[in-house]
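*Asks:* okay, here's the prediction I keep looking at, along with the sequence it came from:
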Amino acid sequence: MPINSFRTEIQKQEAEFTISHKDSIMLVGSCFAENIGEKLTKYKFATHVNPFGILFNPVSIAQGLNILTDTFLFQKDDLYFFNGEWISFFHHGKFSHPNRDECLKILNENVVSSRAFLQKADCLILTLGTTVAYSYNGNIVANCHKIPQKEFQKQMLDSQTIVSVLRSSIEKIKAINNTIRLIFTVSPVRYIRNSMTENALSKAELIVAVHELIHCVKDSYYFPAFEIMMDDLRDYRFYNEDMIHPSPQAIDYIWNHFSYTFFDEQTSNLNKAIKDIHLAVNHRMKNPYSEESKAFKETQRKKIEQIQTLYPYMSFKEELDYFKDDF
């Protein structure tokens with residue numbers, strides 16, 4: 001590192017495998033899984049993001065994966081009624097519903113579609129958030145759903161437990177999809193509700209567990225999102241106002257690392273072309289009825305049609321509708 005350097009820049013590294021737009025990618029885990037999932041979706045990758053909603057602890061992630069590798073479907077007795085809604089302790093609150101039958105329908109339709117996606121997925125990205133877990137009646141839950149905390153028992157998962165539950169889940173996944181590749185990340189989101197020390201201990205256990213997993217799981221890779229945030233960016237200006245979640249600028253920076261790591265030249269070039277289309281969609285035409293605007297729309301349609309000719313499995317319906325010459 002140069003003597004006058006004021007930061008430790010993490011060097012970009014290429015993984016042993018690549019991701020292309022032909023690949024189907026499932027992402028499971030914390031808020032950061034959603035961040036990367038949004039980026040992948042934006043760039044037209046086939047994605048399925050957090051089939052159980054945001055999951056923070058590794059046991060809940062493993063439970064969700066086990067449901068998808070089994071023939072399990074939720075029954076009425078699996079739901080709990082609280083504060084006017086039916087909830088599932090395997091899911092994030094966005095799946096709750098005031099009608100029990102409708103809630104059950106939503107959960108099971110989602111399980112069936114997610115199971116089908118996982119069976120054919122090319123890549124699974126697992127983002128571990130925290131080792132802090134809460135149990136209700138002896139079972140670790142994915143979300144407390146704002147039920148009073150006194151109803152739950154808190155615990156800190158150790159690395160051995162994390163390795164055991166995730167390795168078991170991955171073996172089940174490999175049994176139904178033996179070509180799937182795995183990417184592990186530790187979320188850069190700070191879980192500091194109780195203390196900074198607890199967050200540090202939690203992240204340390206997750207990192208130990210993940211590195212043990214990549215040594216025993218074939219076709220797996222560790223992407224250092226946590227290290228990029230904490231040791232490379234390392235500044236509060238790269239957090240949102242809550243000082244917990246990475247800012248859009250930080251997410252973009254980590255995404256650039258992710259792109260270098262997993263995308264080959266062809267995929268990167270296609271992403272650049274898609275980004276140009278996004279910029280064109282966001283371009284404000286001063287007079288949409290002018291000849292200049294008509295020519296601009298025609299140019300963009302031709303660009304999109306050219307991409308679709310080369311990559312017929314990609315959809316640009318919304319963009320084509322936007323540039324449709326309807327006057």
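*Replies:* Here it is on my side, so go on.
*Asks:* only C-alpha atoms for contact and neighbour calcs from this point on.
*Replies:* Noted.
*Asks:* so where do the strands sit in the stretch 101-250 of the chain?
*Replies:* 123-128, 132-136, 139-141, 153-156, 181-186, 220-222 (DSSP state E, counting those that start in this stretch).
*Asks:* most tightly surrounded among those strands?
*Replies:* strand 123-128 (a mean of 25; mean count of other CA atoms under 10 Å).
*Asks:* one step back: and the strands of the stretch 101-250 of the chain: which comes nearest F74?
*Replies:* Ranking the strands of the stretch 101-250 of the chain by proximity to F74 (CA to CA) places strand 139-141 first, at 15.2 Å.
*Asks:* now the strands of the stretch 101-250 of the chain as CSV including distance to F238 and mean pLDDT?
*Replies:* Formatted as CSV, the strands of the stretch 101-250 of the chain follow (distance: least, CA to CA, whole Å; pLDDT from 0 to 100):
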stretch, distance to F238, mean pLDDT
strand 123-128, 20, 98
strand 132-136, 25, 97
strand 139-141, 31, 97
strand 153-156, 28, 96
strand 181-186, 17, 98
strand 220-222, 22, 97
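*Asks:* could those be laid out in JSON lines, adding distance to T299?
*Replies:* Conversion of the strands of the stretch 101-250 of the chain to JSON lines gives the following (distance: least, CA to CA, whole Å):
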{"stretch": "strand 123-128", "distance to T299": "35"}
{"stretch": "strand 132-136", "distance to T299": "53"}
{"stretch": "strand 139-141", "distance to T299": "52"}
{"stretch": "strand 153-156", "distance to T299": "56"}
{"stretch": "strand 181-186", "distance to T299": "38"}
{"stretch": "strand 220-222", "distance to T299": "41"}
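*Asks:* does the closest residue to C144 other than its chain neighbours sit in a helix, a strand or a coil?
*Replies:* Closest residue to C144 apart from its sequence neighbours, by CA to CA, 6 or more residues apart in numbering: F89 at 7.2 Å. Using DSSP: H, G, I helix; E, B strand; the rest coil, the structure places F89 in coil.
*Asks:* so which bits of stretch 9-20 are buried?
*Replies:* 15, 18-20 (16 or more other CA atoms under 10 Å).
*Asks:* what count of nearby residues applies to L40?
*Replies:* 20 (other CA atoms under 10 Å).
*Asks:* equivalent analysis for E109, please.
*Replies:* 12.
*Asks:* could you list every residue that touches it?
*Replies:* With contact set as CA atoms under 8 Å, 6 or more residues apart in numbering, E109 has no partners.
*Asks:* repeat that with 10 Å
*Replies:* E109 sits next to 73, 115 when contact means CA atoms under 10 Å, 6 or more residues apart in numbering.
*Asks:* for S159, same thing?
*Replies:* 58, 131, 202, 204-210, 212.
*Asks:* now those: which count as buried?
*Replies:* Judged by 16+ other CA under 10 Å, buried ones among the contacts of S159: 58, 131, 202, 204-207, 209-210.
*Asks:* and the two most separated of those?
*Replies:* Most distant of those, by CA to CA, are P58 and A204, 13.7 Å apart.
*Asks:* and the helices in the stretch 51-200 of the chain?
*Replies:* 58-69, 100-120, 159-176, 196-216 (DSSP state H, counting those that start in this stretch).
*Asks:* winner for burial among those helices?
*Replies:* When you average the neighbours per residue for each of the helices of the stretch 51-200 of the chain (mean count of other CA under 10 Å), helix 58-69 leads with a mean of 23.
*Asks:* please verify my assumption that E305 contacts F316.
*Replies:* Yes: if you go by CA atoms under 10 Å, E305 and F316 touch, sitting 8.7 Å apart.
*Asks:* distance check, the closest residue to L213 other than its chain neighbours against R190.
*Replies:* Leaving out its chain neighbours, the residue that sits closest to L213 by CA to CA, 6+ apart is V163, at 6.3 Å. Here V163 is placed at a distance of 22 Å from R190 (CA to CA, to the nearest Å).
*Asks:* who touches the nearest residue to Y136 once chain neighbours are set aside in this structure?
*Replies:* Nearest-residue entry for Y136: F152, 5.1 Å, with adjacent residues in sequence omitted and distances by CA to CA, 6+ apart. The contact partners of F152, by CA under 10 Å, 6+ apart, come to 133-141, 144.
*Asks:* now T71
*Replies:* 111-112, 115 are the contacts of T71 under CA under 10 Å, 6+ apart.
*Asks:* can I get the residues you listed in CSV with distance to L126 and pLDDT?
*Replies:* Shown next, in CSV, are those (distance: CA to CA, whole Å; pLDDT from 0 to 100):
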residue, distance to L126, pLDDT
V111, 18, 97
V112, 20, 97
R115, 16, 98
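*Asks:* of those residues, closest to Y311?
*Replies:* Out of the contacts of T71, the member with the shortest distance to Y311 (by CA to CA) is R115, at 26.2 Å.
*Asks:* pLDDT on whichever strand or helix holds I274, on average?
*Replies:* Using DSSP states H and E, the element containing I274 is helix 265-281. On average, the pLDDT along helix 265-281 is 95.
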